[in-house]
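> I need the structure of the sequence given here:
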Amino acid sequence: YISYYNWSTGDLNYATNVSGAWVAYIKDSTGDVGMYSSIAIDSTNKIHISYYDATNGDLKYTTNAPGFWQTQYFSAGDIGNVSSIAIDSNNKVHISYYDATNGNLEYATNVSGSLLSYTIDSTGDVGWDTSIALDSNNKVHISYYDLTNGNLKYATNSSGSWVLSTVDSAGDVGGYSSIAVDSTNKIHISYYDATNGD
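Purely as a prediction, here's the structure:
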């Protein structure tokens with residue numbers, strides 16, 4: 001399953017080879033949508049996609065989990081850039097994303113039943129290039145870029161409350177991060193060092 005942006009039309013597209021051959025579908029064509037998409041599959045093989053609506057500056061989320069395609073969105077300024085999505089063992093949705101209006105790291109989840117959004121880090125201009133992963137206890141782990149200080153940061157609620165950490169501050173580092181959690185719940189993050197080009 002692949003979600004992607006159609007630069008020619010501004011659409012959110014989705015491609016799959018479930019039938020044995022690659023087939024592409026348009027999932028959203030209302031304005032300039034589909035940028036910075038992220039896709040995840042739940043335990044019943046239902047599809048979940050988070051993406052950015054550039055026309056309205058909204059975070060959008062679409063899924064076929066109810067048996068038909070359903071789309072929700074958050075509209076509170078310019079939000080939804082570089083989102084990342086993950087599904088937990090209960091098929092609940094977790095999305096990290098950047099709030100460009102306030103320069104915050106935001107997090108949305110439907111663990112409580114409805115999709116709600118929370119501010120995780122608002123110290124400076126933070127939250128760009130987010131990546132999200134879940135551990136075996138369904139705890140959340142997010143890597144992201146601190147634009148104010150040029151640092152790689154990491155947020156988790158594994159202890160029960162949110163804890164924020166600076167992982168690397170040696171130069172301008174932390175862009176384009178990607179995070180993964182191993183079988184022992186240890187964290188692994190790859191990221192770009194802009195100072196050295198590494």
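> Low-confidence ranges, the chain, go.
Flagging of the chain using pLDDT under 70 yields an empty set of residue ranges.
> Mind checking which residue lies nearest the centre of it?
The chain has residue 84 as the residue nearest its centroid, 1.3 Å off, counting by CA atoms, centre = their mean.
> ok, what's across the strand from it?
residue 96 (DSSP bridges).
> separation between it and residue 178?
Here residue 84 is placed at a distance of 9 Å from residue 178 (CB to CB, to the nearest Å). Heads up, the C-betas are built off the backbone N, CA and C, glycines and all.
> overlap in contacts of these two?
residue 131 (CB atoms under 8 Å, 6 or more residues apart in numbering).
> List the contacts of the residue nearest to the centre of the chain.
Contacts for residue 84 were tallied using CB under 8 Å, 6+ apart; they are 38, 50, 95-97, 130-132, 142.
> among the residues you listed, which ones are buried?
In terms of neighbour count (16 or more other CB atoms under 10 Å), the buried residues within those are 38, 50, 95-97, 130-132, 142.
> so residue 138 makes contact with residue 90?
Yes: Residue 138 is within contact range of residue 90, at 6.9 Å (criterion: CB atoms under 8 Å).
> Looking at the two, which has the bigger crowd around it?
Taking other CB atoms under 10 Å, residue 138 and residue 90 do not tie; residue 138 has more neighbours (16 against 9).
> Could you find the closest non-adjacent residue to the more buried one?
residue 88 (4.2 Å; CB to CB, 6 or more residues apart in numbering).
> Is it correct that the one you found is in contact with residue 94?
Yes: Residue 88 lies in contact with residue 94 (CB under 8 Å); the separation is 6.5 Å.
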